[in-house]
Every structure is written in structure tokens, then in C-alpha cells.
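S.K.: make a model of this:
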Amino acid sequence: MRLRNRHGSHVDPVPFVVVVGLTFMISLSFGPLYGQALGLSLEVAIAASTVLFAVATVAAYHRQVWTARPELAREVPAAVRAERLFYLIPILAALVVVLAIPLIPE
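M.R.: Numbering: from 1, shown residues only. Below is the predicted model of the structure:
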């Protein structure tokens, strides 16, 4: 996949694909469950989750592809970028746990 930003420069597609994949997983895993808990039918809850996923995908594309400046990525040391990624892993794990708490039956 060869993505280009608004200036025509090639952009690394991996961060965009990862964000879209995680958004798909979270929105369509938890969205229908929460929608049904709020009283929506399953079809409406899935449709609402799909719309939210589409909006998040467009936002991620705009942020990580369209307005990306790959020439600036070389200025941030790889160790700092890896450290940021390392800190995101527990945050995402905590998000999944927090999302699952209301679904635990009493």
C-alpha cells in the first residue's frame, strides 16, 4: 500500500493500519453491546458502531496520512518513538478492561 500525503510524499501506512484495526476491533466489539445496554436494537447498535468506526477512520487518515510530514519523523529518535509505543500498550489494555467492566453481570 503506497499512501501519499497532501504534498505527494510517501507516508508509512503501518501506523494508520494499526489505528484503524484497533478502532475496528474496539468499536465493533464493544459498541453493539453498549448500544443494546442503552436500549437500542442490535441492528441499530451495529449501524451506529459502524458509523463511529467510519468517522474514526476518516479522522485517522486525515491525521496520519493526509497531514503527515514524514521528513519530521527522522528528527525524533527511534528510542523516543519506541518508548511512546511502549506506554500505549498498557493504556490500550486498561481501556479494554474499563470497557468490559459494565458488561460483567452482577
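S.K.: buried sites along stretch 22-38?
M.R.: Neighbour-count burial for stretch 22-38, counted by 16 or more other C-beta atoms under 10 Å, picks out 22-23, 26-27, 30-33, 35. For the C-beta atoms, the positions are set from N, CA and C on the backbone; glycine is no exception.
S.K.: now, those that are in helices?
M.R.: Using DSSP state H, the subset of those located in helices is 22-23, 26-27, 30-33, 35.
S.K.: tell me how far Pro77 lies from Glu83.
M.R.: Distance of Pro77 to Glu83, given as C-beta to C-beta, to the nearest Å: 9 Å.
S.K.: can I get the buried residues of stretch 22-38 in CSV with distance to Arg69 and pLDDT?
M.R.: Shown next, in CSV, are these (distance: C-beta to C-beta, whole Å; pLDDT from 0 to 100):
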residue, distance to Arg69, pLDDT
Leu22, 23, 91
Thr23, 23, 93
Ile26, 27, 89
Ser27, 28, 92
Phe30, 33, 87
Gly31, 32, 90
Pro32, 37, 92
Leu33, 38, 87
Gly35, 38, 88
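S.K.: okay, those residues in TSV with distance to Leu52 next?
M.R.: Putting the buried residues of stretch 22-38 into TSV (distance: C-beta to C-beta, whole Å) gives the following:
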residue	distance to Leu52
Leu22	13
Thr23	9
Ile26	10
Ser27	5
Phe30	11
Gly31	7
Pro32	11
Leu33	14
Gly35	10
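S.K.: looking at this protein, which helix or strand is least sure?
M.R.: helix 70-73 (a mean of 71; mean pLDDT, DSSP states H and E).
S.K.: so what touches it?
M.R.: The contact list for helix 70-73, computed with C-beta atoms under 8 Å, 6 or more residues apart in numbering, reads 5, 9-12, 81.
S.K.: quick one: the strands in this structure?
M.R.: 3-4, 10-11 (DSSP state E).
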